[in-house]
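1. output the structure for:
(2 chains)
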Amino acid sequence: MTAYTELGAAAIASGVRAREAAPAELVKAAFERARHIGVDKNALNIFLSSDEKASVEEAEEMNERIDSATDLGVLAGVPVAVKDNIATLGLTTSCGSRILEGYVSPYEATAVRRLRAHGAFVIAKTNMDEFAMGSSTENSAFGPAKNPVDVRCVPGGSSGGSAAAVAAGIVRIALGSETGGSVRQPAAFCGVVGVKPTYGRVSRFGLVAFASSLDQIGVLGRTVDDAALALEVIAGFDERDSTTAEADVPLYRMSALGRPVPQALDPDMEATRIGRTPVPLAPPPGPATLEGIVIGKPREYFPADLDPAIRDLCERSFDRLRAMGAVIRDVSLPRTALAIPAYYIIAPAEASSNLARFDGVRYGLRAAADRGLQDMYEQTRSRGFGPEVTRRVLLGTYVLSAGYYDAYYKKAQAVRTLIAADFSDVFASGVHALFTPTAPTTAFRLGAVTDPYEMYLNDIFTATANLAGVPAMSIPIGRVHHLPVGGQVIAAHFDEYNMFRVAYALEASLGAEAHA
Amino acid sequence: MAVTREDVMHIAKLARLGVDPATVDSLTRELSAILGHMDVLAQTDTSATPPAEGVGSGGTPLRPDVGAAPSLDKPLESFAPAMKDGFFIVPRLATHDDSRGGA
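-> Residues are numbered from 1 along each chain as shown, chains lettered A, B, ... in the order given. Alright, predicted model coming up:
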């Protein structure tokens, strides 16, 4: 059974469908690994809630269905972890906040429902920065999570618990959420794969809102293949989220074959759709060709003061991409430097509105107050929100208030238009994907960054994709002083297929060097 | 643009946040410092640029204004802080107390 937990998610599911692996044993193995690694508050602190008994019972029910003709799904028997701001039935959804401590949602997110419908088991909710506001998971009300690669370091954030659960080998797949880089940056820090889909690709129904025009559910995977499989499952139109697109969802795993998007009648595509995959169950055995692919190298993401070791690893990746036939082209996204100022106006502004719902009336914490309703609101929110959430709610309220709206919020939204135009222009010029570092540094020590704006700068290479709504992902490209470094692939709206195509090829080319 | 202590107290009231008076000075400094980094935006010419109104090229499509509320797995009473006869119970409005007192 141990061998199965070391396989990719697609191979695990194939083993379950072929009756070579028992779902309950897979779930037990995941919990055994979690105990071995130490996921509670005294150790890595990456699980906020889990229920081993209920998870094993759920898996045993699948054991009974295997003998029937039931289609078990492309994720049959695969244990997954879910960030604590994504609604699940049974386990708590606290958003890493005291204001929702112990809250169990009465409905589940569409992304979670789709994972479960395809046979996956949600075994745990993972630690996170409170309401996804942070880049280190140190803003969790339940204590910071730690990086499995080096427990003295942060796992990144805000989806730090999900990235750590994958990096620690507990699960192959975890859900996270992105607003400004909260999947890609922890993926880079922990040495795993993290994907932010195009805005509108994945339903936000059941994702607790932070900044609705930026939020997307994303996936973390041990490999590109794990992430591609998970995204195929959760993507697509949802009538419960009017911002989801009615666009077709290509089978991203087919991009591993190094060919253009397959036609609907392609027999390989149909085989993949029903789980009899022609795609290698392990990472592709050799580098796929990237002939005909143009990859942009945006100069603004390689500033003069970029860490030379991170620059060197990116250059090695460019060499590999070139060797596989890709054309590397120098490009410019001139408004990149404006992204952090614009993002940290728009996101707090939306947050100040979205978080108004946490007032102690309908759910969550209610503080005792003896001076009427207004007092109850203020007492509840001041006791329930931590320092960073308070800071951002105040900042957001300020930039939306009379006298400052035009100077800050309206101005930031105009700059957002310009940033999105930068991406449109470069992709319209014939570039299929961009390649950049994911973060300006490797994982930093717990407690090392105390200035709020210095922490915000962690998003400097990632927030642009959220502002423009384009898909982007991080994959491991090497290590600096034993700490992982992520490389980022960015593509045009709804072109996750070419993004994955580049990522599969680079992952295969780097092989073990990606983690060395 | 420097934020004042009075600004912080004012926006805390707007945001219904009971800010500890002992933290107002540090919040004032932090917000001023953060907003100082935003001043770069003012130097960007956006006179001919419309504010973003959506994400992506097509924007959010208009759809019929219908939709079913999700069915809840458990009753409101199971997670509401206080309920009675199907209504959420909240403390009395302070203004109601005032008007009663003045009557």
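
2. pLDDT weak spots in chain B?
-> Across chain B, residues meeting the criterion (pLDDT under 70) sit at B:1, B:57-60, B:94-103.

3. in it, which helix is the longest?
-> The helix spanning the most residues in chain B, taking DSSP state H as the definition, is helix B:21-38.

4. what's that one packed up against?
-> The helices and strands touching helix B:21-38, judged by 3 or more C-beta pairs under 8 Å, 6 or more residues apart in numbering or on different chains; DSSP states H and E, are helix A:339-354, helix A:387-400, helix A:452-456, helix B:5-14. C-beta here means a position set from N, CA and C on the backbone, and glycine is covered the same way.

5. can you list the ones you listed in TSV and add mean neighbour count and distance to A:Thr223?
-> Listed next are the helices and strands packed on helix B:21-38 as TSV, based on neighbours: other C-beta atoms under 10 Å in any protein chain shown; distance: least, C-beta to C-beta, whole Å:
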stretch	mean neighbour count	distance to A:Thr223
helix A:339-354	24	29
helix A:387-400	24	32
helix A:452-456	17	29
helix B:5-14	17	46
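
6. could you tell me the least trusted of the ones you listed?
-> Lowest mean pLDDT of these: helix A:452-456, a mean of 93.

7. just give me how far that one sits from the chain centre.
-> Distance, stretch centre to chain centre, for helix A:452-456: 20 Å (C-alpha atoms, centre = their mean, to the nearest Å).

8. could you do stretch B:79-91 as well?
-> 22 Å.

9. so which residue is smack in the middle of chain B?
-> By C-alpha atoms, centre = their mean, the mean C-alpha position of chain B lies nearest to B:Ala15, the distance being 5.4 Å.

10. for the spatially closest residue to that residue that is not a sequence neighbour, give its distance to A:Val431.
-> In this structure, B:Ala15 finds its nearest non-sequential neighbour in A:Thr397, 4.4 Å apart by C-beta to C-beta, 6 or more residues apart in numbering or on different chains. Distance, A:Thr397 to A:Val431, using C-beta to C-beta, to the nearest Å: 39 Å.

11. cool, and A:Arg391?
-> For A:Arg391, the distance to A:Val431 - C-beta to C-beta - is 38 Å.

12. what's next to the host helix or strand of A:Met62, contact-wise?
-> Assessed by DSSP states H and E, A:Met62 sits inside helix A:52-66. By C-beta atoms under 8 Å, 6 or more residues apart in numbering or on different chains, the surrounding residues in contact with helix A:52-66 are A:16-17, A:19, A:22-24, A:26-28, A:31, A:72, A:76-77, A:79, A:90, A:119, A:121-123.

13. next one: stretch A:327-343
-> By C-beta under 8 Å, 6+ apart, stretch A:327-343 touches A:180, A:214, A:293-301, A:318, A:321-322, A:412, A:415-416, A:418-419, A:422-423, A:426, A:429, A:431, A:434, A:456-457, A:459-460, A:463-464, A:466-467, B:37-38, B:40-41, B:44.

14. mind giving me the ChimeraX command for buried ones among the residues you listed?
-> Here is the ChimeraX command that selects the buried residues among these (16 or more other C-beta atoms under 10 Å in any protein chain shown):
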select /A:180,214,293,295,296,297,298,300,301,318,321,412,415,416,418,419,422,423,426,431,434,456,457,459,460,463,464,466,467 /B:38,41,44
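
15. check contacts around A:Gly486.
-> Per C-beta under 8 Å, 6+ apart, neighbours of A:Gly486: A:184-185, A:187-189, A:191, A:194, A:437-439, A:474-477.

16. strands of the stretch 251-400 of chain A, start to end?
-> For the stretch 251-400 of chain A, the strands defined by DSSP state E, counting those that start in this stretch cover A:294-298, A:327-331.

17. tell me what angle the last one forms with strand A:294-298.
-> Strand A:327-331 and strand A:294-298 meet at an angle of 30 degrees, taking axes from the mean of the first three to the mean of the last three C-alpha atoms, to 10 degrees as the criterion.

18. sheet partners, orientation included, of strand A:327-331?
-> strand A:294-298 (parallel) (DSSP bridges).

19. quick one: distance of the strand it pairs with to the chain centre.
-> How far strand A:294-298 lies from its chain's middle: 23 Å, per C-alpha atoms, centre = their mean.

20. give me every residue that touches A:Pro476.
-> A:Pro476 sits next to A:Ala188, A:Gly191, A:Val192, A:Val193, A:Pro484, A:Val485, A:Gly486, A:Gly487, A:Leu510, A:Ala514, A:His515 when contact means C-beta under 8 Å, 6+ apart.

21. surely B:Ala80 meets A:Gly364?
-> No: applying C-beta atoms under 8 Å as the test, B:Ala80 and A:Gly364 come out as separate, 9.7 Å apart.

22. please identify which of the two sits among more neighbours.
-> A:Gly364 (23 against 17; other C-beta atoms under 10 Å in any protein chain shown).

23. quick one on the thing from earlier: now tabulate the contacts of A:Gly486 in a markdown table and tack on pLDDT.
-> As requested, the contacts of A:Gly486 are exported to a markdown table (pLDDT from 0 to 100):
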| residue | pLDDT |
| --- | --- |
| A:Arg184 | 98 |
| A:Gln185 | 98 |
| A:Ala187 | 98 |
| A:Ala188 | 98 |
| A:Phe189 | 98 |
| A:Gly191 | 98 |
| A:Gly194 | 98 |
| A:Pro437 | 98 |
| A:Thr438 | 98 |
| A:Ala439 | 98 |
| A:Ser474 | 98 |
| A:Ile475 | 98 |
| A:Pro476 | 98 |
| A:Ile477 | 98 |
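
24. looking at those, which is nearest A:Ala356?
-> A:Gln185 (27.5 Å; C-beta to C-beta).

25. three-state assignment of that closest one?
-> helix (DSSP: H, G, I helix; E, B strand; the rest coil).

26. hang on, the earlier thing: which residues are contacting the longest helix of chain B?
-> Residues from elsewhere that reach helix B:21-38 (C-beta under 8 Å, 6+ apart): A:340-341, A:344-345, A:390-391, A:394-395, A:398, A:408, A:412, A:452-453, A:456, B:1-5, B:7-9, B:19.

27. can you do 6 Å?
-> A:Pro341, A:Pro452, A:Tyr453, B:Met1, B:Ala2, B:Val3, B:Arg5, B:Val8 (C-beta atoms under 6 Å, 6 or more residues apart in numbering or on different chains).

28. what two of these have the greatest distance between them?
-> Within the contacts of helix B:21-38 (distances taken as C-beta to C-beta), the two that end up farthest apart are A:Pro341 and B:Arg5, at 23.9 Å.

29. please flag which of the contacts of A:Gly486 sit within strands.
-> Counted as lying in strands by DSSP state E, out of the contacts of A:Gly486, are A:Gly194, A:Pro437, A:Ser474, A:Ile475, A:Pro476, A:Ile477.

30. burial of the second one, as a residue count?
-> If you count neighbours by other C-beta under 10 Å, A:Pro437 ends up with 25.

31. what of the first one?
-> Neighbourhood size, A:Gly194 [other C-beta under 10 Å]: 35.

32. the closest residue to it other than its chain neighbours: what's it in contact with?
-> Spatial nearest neighbour of A:Gly194, chain neighbours left out: A:Ala187 (2.7 Å); criterion: C-beta to C-beta, 6+ apart. Listed by C-beta under 6 Å, 6+ apart, the contact partners of A:Ala187 are A:Ala163, A:Val193, A:Gly194, A:Leu220, A:Ser474, A:Gly486.

33. thinking again about what came up before, now the helix holding A:Met62: mean pLDDT?
-> Mean predicted confidence for helix A:52-66 is 92.

34. now the element after that helix, going C-ward?
-> Following helix A:52-66 in sequence, per DSSP H and E, is strand A:79-83.

35. for that next one, packing partners?
-> Here strand A:79-83 touches strand A:121-126, helix A:160-167, strand A:173-178, going by 3 or more C-beta pairs under 6 Å, 6 or more residues apart in numbering or on different chains; DSSP states H and E.

36. contact residues of the stretch 151-300 of chain A facing chain B?
-> Within the stretch 151-300 of chain A, the positions near chain B by C-beta under 6 Å from any C-beta of the partner chain are A:Tyr199, A:Ser213, A:Ser242, A:Thr243.
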